[in-house]
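# sequence plus predicted model, see below.
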Number of protein chains: 2
Amino acid sequence: MKAEIIAVGTEMLMGQIVNTNAPFIARQLNELGIEHYYETVVGDNPERLVELSQIAESRSDMIIYSGGIGPTQDDLTKQVIAEYLNEELIYDQECLEQIKQYYQDRHQSMSSNNLQMALTFKNGQSLKNETGQACGSLIHKNGCLYVFLPGFPDELEPMFINEVKPYLFEHLSNKQVLASRFLNFFGIGEAALTSRLEDLIAKQSNPTIAPYASKSVVTLRLTAQGENHAVTDKLLDQTQEEILALVGDYYYGSGYNYLPMDALFDYLNQEGKTIAFAESLTGGLAAHLLVNHEGSSKIFKGSTVSYSEYAKAHVIGVSQATLDQEGMVSEACARQMAELTCSNYGADYAISFTGVAGPDKMEGQEVGTVYCGFASRGQSTQVKRYQINGNRSAIRLKVIYQAVLDFIQEKA
Amino acid sequence: MKAEIIAVGTEMLMGQIVNTNAPFIARQLNELGIEHYYETVVGDNPERLVELSQIAESRSDMIIYSGGIGPTQDDLTKQVIAEYLNEELIYDQECLEQIKQYYQDRHQSMSSNNLQMALTFKNGQSLKNETGQACGSLIHKNGCLYVFLPGFPDELEPMFINEVKPYLFEHLSNKQVLASRFLNFFGIGEAALTSRLEDLIAKQSNPTIAPYASKSVVTLRLTAQGENHAVTDKLLDQTQEEILALVGDYYYGSGYNYLPMDALFDYLNQEGKTIAFAESLTGGLAAHLLVNHEGSSKIFKGSTVSYSEYAKAHVIGVSQATLDQEGMVSEACARQMAELTCSNYGADYAISFTGVAGPDKMEGQEVGTVYCGFASRGQSTQVKRYQINGNRSAIRLKVIYQAVLDFIQEKA
């Protein structure tokens, strides 16, 4: 089966919106084992939408449209394709009631345009929208499957996962089940990781192993197929074990988009412990990443962003002798920053970051040199020196990831 | 003239990379007044690349390819299209020397594949790559212009701006010049802003006025055409004046991607003053946004991320009486946080942020309630109460923007 994606919306052609739906759908199609060779963007223009659909039909078995099913006058994807296919649109009654209720609850008047969001193909099937108002729809015609999804990623993504994916899998796979697992690695590049796993990847077909890299992290997605979830779980467990035997040193956890700060959050949450940071070159980023988690107030006490020597001395309390004799980018400074911050904030643990983010050297130290202190209440403090590659923002992110993973490994 | 964009790369079809080149090029084409109706993504596959090029030729006068001009074996865009067009590729000597020099300087051996990055159309024109190795190229054939650009945005964007855009403008515009200006607004939505400017936008054709919204900010891009830059400057000045007469209250500065924190940075830099933050609900984000500026160490002293009551009392020094009687989300707490932080860090100014980011109420206060204290060394402290809409991360960002702009307005 060959699929292709047509994203509809003039705002994309104007460059105002980045098409993140296509990569999302692409990843989903990969997991389903559906081939996918083309992605197209077109404006809110009926003629061009029909013309593109004709091209797509001639080379693919499934067309996935995103966008153009909302309430405005230029939202015409379903209507244009219905006319083109000579198929009737009807109102999905459940969706219609929800739209009416929405406006009633808010005491807002509803324009007739809003009702078009409930349109669905009479000879097709509706797709429930859990996070918005416009219903999706799909229809088979002339050997091609047409799927209509909303343009907003917050609506499209759950609709694809909860409605389209199970539909496709049932129609594709002879009732087999499909399961994915994401293994996350830090401290090794994608090329190095895959070259270590070369033999394993070559011999493996179920699960399939797909690597990808983003935000300084490398992820392997394993996807297994089988009669039921007990079978797929066993296949995934076996392959995971083989992978970790080869590159387990760099593994820090599993999960989609599971980043090192998630691992720190989970570790502290599980242990019921609290942490504080002392941040110099990281400038508040460590705190910001942790605070992004709902519920972080249970484990996070705070951070002192000591971006000046004055702040290191007067807010954190690093001794002037240390600053004068050893400098700000030093083992001694990192040690005091961590220890004092641990007690200042009354935290169980503290991690300090002091170093050179660039673009210039500092105190004679190379860009990318960072000292991190690891303090624990009532235990001796450790300090590590890192040498990190990259530009200012990459150095900040990588040293935070490295330090929190070293912290967890040390403690766990 | 009609253009279209073909992005080449299997990694996009795999969903591993988001195609940000298409929106970038789209915005550039809009500025040049070049129509643009289609964007397509295709994998590293010669047959499909030719097939798409044929479709594109039939409906457009210019095809812009991004990707597939690097050193790997699947980078074949120039080669495939050269063969298809029956045109010869030759080495660009300057580019070739640079590639050789690059490897020589690093004492690395160079594979023959690296040389293909210097390929250019014999009957076309090379496009200089200032930030990478692969040269771009363009060629006119059969009434169509083919443009070949790198896939990395860091290489594509400067190549488009510095090489392609002047070429297109010269070939399109009868030697007129084109100039853009970006006016930035905060505190008003895109719909409200454009409805206030409705008449102005309707009557205006030179400059054109294009609104777009991103990161809680609304930007108007004015683009003027004229015989020379004195003419375009005058046109832009006039239109800017008319716009600011209507919505000047929300205007905070001009420049591409110029955000409120840039305005704070510029203001403090110009005045030679320093600032510190006390951050509760913003969790280090204010510090992080400021530190993103190179040179921020001159104006930024630091931030105390007091994410716990303990930190507010023990690190900042807010009195326990205030915390007990008024609470953390209160005018009195914001006031003390700002004043104490100003003196703790020895800064000229301090801004404090305390409030409710959600998802739950705190101390009986609604989600989105935030108190900000504004302290200045030797002057009385002001406190403002804001009520901000949005989710956790939107509330954080918006209150920081609102507070720093209010700070600048107060001071300037």
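Nice, I can see it.

# any low-confidence regions in the stretch 201-350 of chain A?
By pLDDT under 70, the stretch 201-350 of chain A contains no weakly predicted segment.

# beta partners for the residue of the stretch 101-250 of chain A found nearest chain B?
Nearest to chain B, among the residues of the stretch 101-250 of chain A, is residue A:212, at 4.5 Å (CB to the nearest CB). C-beta here means a position set from N, CA and C on the backbone, and glycine is covered the same way. On the basis of DSSP bridges, residue A:212 is bridged to residue A:219.

# give me the number of residues near it?
The number of residues packed around residue A:212, counting by other CB atoms under 10 Å in any protein chain shown, is 17.

# the one 10 residues further on now?
By the criterion of other CB under 10 Å, residue A:222 has 23 neighbours.

# from residue A:179, how far out is it?
For residue A:222, the distance to residue A:179 (CB to CB, to the nearest Å) stands at 9 Å.

# what do those two both touch?
residue A:236 (CB atoms under 8 Å, 6 or more residues apart in numbering or on different chains).

# how about the contacts made by the residue of the stretch 101-250 of chain A closest to chain B?
A:190, A:218, A:219, A:221, B:14, B:16.

# how about the secondary structure of residue A:97?
helix (DSSP: H, G, I helix; E, B strand; the rest coil).

# ugh, wrong one, residue A:113
helix.

# count the residues that sit near residue A:121.
Here the number of neighbours of residue A:121 (other CB under 10 Å) works out to 23.

# ok, for it, nearest residue in space, not its chain neighbours?
Spatial nearest neighbour of residue A:121, chain neighbours left out: residue A:139 (4.1 Å); criterion: CB to CB, 6 or more residues apart in numbering or on different chains.

# how many other residues sit next to that neighbour?
Taking other CB under 10 Å as the neighbour definition, residue A:139 ends up with a count of 20.

# wait, it sits on residue A:119?
No - here residue A:139 lies out of contact with residue A:119, judged by CB atoms under 8 Å, at a distance of 12.0 Å.

# and the stretch 201-350 of chain A, which residues reach chain B?
Taking CB under 8 Å from any CB of the partner chain as the measure of proximity, the stretch 201-350 of chain A contacts chain B at A:210, A:212-214, A:274, A:276-277, A:279, A:283-288, A:290-292, A:294, A:296-297, A:300-308, A:310-311, A:314-315, A:344-346.

# find me the pLDDT at the residue nearest to residue A:80 when sequence neighbours are not counted, would you?
For residue A:80, the nearest residue in space outside its immediate sequence neighbours is residue A:46; the separation is 4.6 Å by CB to CB, 6+ apart. Looking at residue A:46, its pLDDT reads 95.

# could you check how far residue A:46 is from chain B?
The span separating residue A:46 from chain B equals 13 Å under the rule CB to the nearest CB, to the nearest Å.

# any chance you could list what contacts stretch A:139-154?
Applying CB under 8 Å, 6+ apart, the contact partners of stretch A:139-154 are A:7-9, A:20-21, A:24, A:57, A:60-70, A:77-78, A:81, A:85, A:87, A:121, A:123-125, A:127, A:129, A:131-132, A:134, A:136-138, A:155-156, A:159-160, A:164.

# in stretch A:80-94, what's buried?
By neighbour count, and taking 16 or more other CB atoms under 10 Å in any protein chain shown as the criterion, the buried residues in stretch A:80-94 are A:80, A:81, A:82, A:84, A:85, A:87, A:89, A:91, A:92.

# can you tell me the SS state at the closest residue to residue A:124 other than its chain neighbours?
When the adjacent residues along the chain are set aside, residue A:124 lies closest to residue A:139, with 3.2 Å between them (CB to CB, 6+ apart). Three-state call for residue A:139 (three-state DSSP): strand.

# if I look at residue A:139, how far off is residue A:293?
If you measure residue A:139 against residue A:293 using CB to CB, the figure is 42 Å.

# which residues touch residue A:220?
The contact partners of residue A:220, by CB under 8 Å, 6+ apart, come to A:182, A:183, A:185, A:193, A:197, A:209, A:210, A:211, A:243.

# closest to residue B:387 among these?
Ranking these by separation from residue B:387, with CB to CB as the measure, puts residue A:182 on top at 39.3 Å.

# ignoring the adjacent residues along the chain, who's closest to the closest one?
Once its chain neighbours are removed from consideration, residue A:182 has its nearest residue in residue A:256; the separation is 5.0 Å (CB to CB, 6+ apart).

# tell me the secondary structure for that neighbour?
coil.

# can I get stretch A:282-297 in PDB, CA atoms only?
Extracted in PDB, the C-alpha atoms of stretch A:282-297 (Å, rounded to 0.1, in the frame of the first residue of the first chain):
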ATOM      1  CA  THR A 282      23.300  27.400  32.000                       C
ATOM      2  CA  GLY A 283      21.600  30.600  33.000                       C
ATOM      3  CA  GLY A 284      18.300  29.200  34.300                       C
ATOM      4  CA  LEU A 285      17.900  26.500  31.600                       C
ATOM      5  CA  ALA A 286      18.200  23.600  34.000                       C
ATOM      6  CA  ALA A 287      15.500  25.100  36.200                       C
ATOM      7  CA  HIS A 288      13.300  25.900  33.200                       C
ATOM      8  CA  LEU A 289      13.500  22.300  31.800                       C
ATOM      9  CA  LEU A 290      12.600  20.800  35.200                       C
ATOM     10  CA  VAL A 291       9.700  23.200  35.800                       C
ATOM     11  CA  ASN A 292       8.200  22.300  32.400                       C
ATOM     12  CA  HIS A 293       7.000  19.100  34.200                       C
ATOM     13  CA  GLU A 294       3.600  19.400  35.900                       C
ATOM     14  CA  GLY A 295       4.100  18.500  39.500                       C
ATOM     15  CA  SER A 296       7.700  19.700  39.600                       C
ATOM     16  CA  SER A 297       7.000  21.700  42.800                       C
END
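
# list the buried residues in that stretch.
Here stretch A:282-297 shows A:282-293, A:296-297 as buried, counting by 16+ other CB under 10 Å.

# what number of residues lie near residue A:410?
Neighbour count for residue A:410, taken as other CB under 10 Å: 11.

# helix or strand: which one has it?
Counting by DSSP states H and E, the secondary-structure element that holds residue A:410 is helix A:392-411.

# other SSEs contacting that helix?
Using 3 or more CB pairs under 8 Å, 6 or more residues apart in numbering or on different chains; DSSP states H and E as the contact test, the elements touching helix A:392-411 are strand A:177-186, helix A:260-271, helix A:285-291, strand A:349-355, strand A:369-376, strand A:382-387.

# sorry, back to before: what's the farthest-apart pair in the buried residues of stretch A:282-297?
Greatest spatial distance in the buried residues of stretch A:282-297: A:283 and A:297, 21.4 Å, computed using CB to CB.

# point out the residues in the stretch 1-150 of chain A that sit beside chain B.
Applying CB under 8 Å from any CB, we find that the stretch 1-150 of chain A lies next to chain B at A:12-20, A:22-28, A:30, A:36-43, A:45, A:48, A:52, A:55.

# go through those and flag which are in strands.
A:36, A:37, A:38, A:39, A:40, A:41, A:42 (DSSP state E).

# what's the domain layout of chain A?
Taking the TED database as the reference, chain A has its domains at A:2-171, A:177-254, A:260-410.

# does the residue of chain A positioned farthest from its centre belong to a helix, a strand or coil?
Taking CA atoms, centre = their mean as the measure, the residue most remote from the mean C-alpha position of chain A is residue A:321, 45.0 Å away. Using three-state DSSP, the structure places residue A:321 in helix.

# how much space separates it from chain B?
With CB to the nearest CB as the criterion, residue A:321 and chain B are 19 Å apart.

# and that residue, what does it touch?
Going by CB under 8 Å, 6+ apart, the list of residues near residue A:321 is empty.

# show the average pLDDT along stretch A:400-412.
So the average pLDDT for stretch A:400-412 ends up being 95.

# please apply the same query to stretch A:353-369.
Along stretch A:353-369, the predicted local confidence has a mean pLDDT of 92.

# in it, what's buried?
Applying a neighbour-count criterion of 16+ other CB under 10 Å, the buried positions in stretch A:353-369 are A:353, A:354, A:355, A:356, A:357, A:358, A:362, A:365, A:367, A:368, A:369.
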